[in-house]
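1. have a look; sequence and predicted model below, questions after that.
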Amino acid sequence: TVNEIELHMAPVKLEELLAREADMYRPICVEAGISLTLHLEPVVVWADETLFATMIVNLIDNARKASGSGKEIHISCQKKAHQVMVQVRDQGIGIPKDQIVHVTEAFYMVDKARTRKAGGAGIGLALCKAVATAHHGELMIESKLHEGTTVTVTAPLYEEGGIG
């Protein structure tokens, strides 16, 4: 599990990390006819940059798999009190209410046929939740069937002289 991995924590300029990962992922979205928009406030978090980036790519990839051509994925980050709030919002197929509680379980897949076809292993959101928890944050999912899903990750802001 992520808890057994040695974290390499450092101050990370989150807006730069998000912009970089989105730029690397943009060609895949463009090819699928999906637009990727960003609204990023400058914010520094105390994080393992590689692990945090992996989580973000996973969330963007999930949003892409759920979205069809002509849809949009919106990525944002903003300060809320002593935390940062990162959101990845899609206009995809959504997750049925009764399954939202299960999607962060390892190997749980809402649509097994679609997920396998898209190359998913079913560990994405479980890993993302573990990464958020390892960063003293949390991962929350809101979804409306046929309208889309918003995944929110919170993490403490980095402040000189201490965390949070």
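-> Here it is on my side, so go on.

2. residues contacting the residue nearest the centre of the chain?
-> Averaging the C-alpha coordinates of the chain gives a centre point, and the residue nearest to it by CA atoms, centre = their mean is residue 59 (3.4 Å). For residue 59, the set of contacting residues under the criterion of CB atoms under 8 Å, 6 or more residues apart in numbering consists of 88, 128, 151, 153. The C-beta positions use only the backbone N, C-alpha and C, and glycine is treated the same way.

3. name the SS class of it, please.
-> When the structure is split into helix, strand and coil by DSSP: H, G, I helix; E, B strand; the rest coil, residue 59 lands in helix.

4. what about residue 33, neighbour count?
-> Around residue 33 sit 11 other residues, with neighbours defined as other CB atoms under 10 Å.

5. roughly how far does it sit from residue 61?
-> To residue 61, residue 33 is 16 Å away according to CB to CB, to the nearest Å.

6. list the contacts of the nearest residue to residue 70 once chain neighbours are set aside.
-> If the residues on either side of it in the chain are set aside, residue 70 comes closest to residue 33, at 5.8 Å by CB to CB, 6 or more residues apart in numbering. Residues touching residue 33, when contacts are defined by CB under 8 Å, 6+ apart, comprise 68-71.

7. dihedrals phi and psi, residue 33?
-> Geometry field for residue 33 lists phi and psi as phi 80, psi 20, criterion degrees, to the nearest 10.

8. again with the one 5 residues further on
-> With angles defined as degrees, to the nearest 10, residue 38 sits at phi -130, psi 140.

9. quick one: it and residue 22 touch, right?
-> Yes. In this structure, residue 38 sits in contact with residue 22. The criterion is CB atoms under 8 Å, and the distance is 5.7 Å.

10. who has more neighbours out of the two?
-> Looking at residue 38 and residue 22 with other CB under 10 Å, you find the greater number of neighbours at residue 22, namely 20 against 15.

11. quick one: what helix or strand has that one in it?
-> In this assignment (DSSP states H and E), residue 22 forms part of helix 14-31.

12. what comes up buried for that helix?
-> When burial is assessed from 16 or more other CB atoms under 10 Å, helix 14-31 yields the following buried residues: 14-15, 17-18, 21-22, 25-26, 29.
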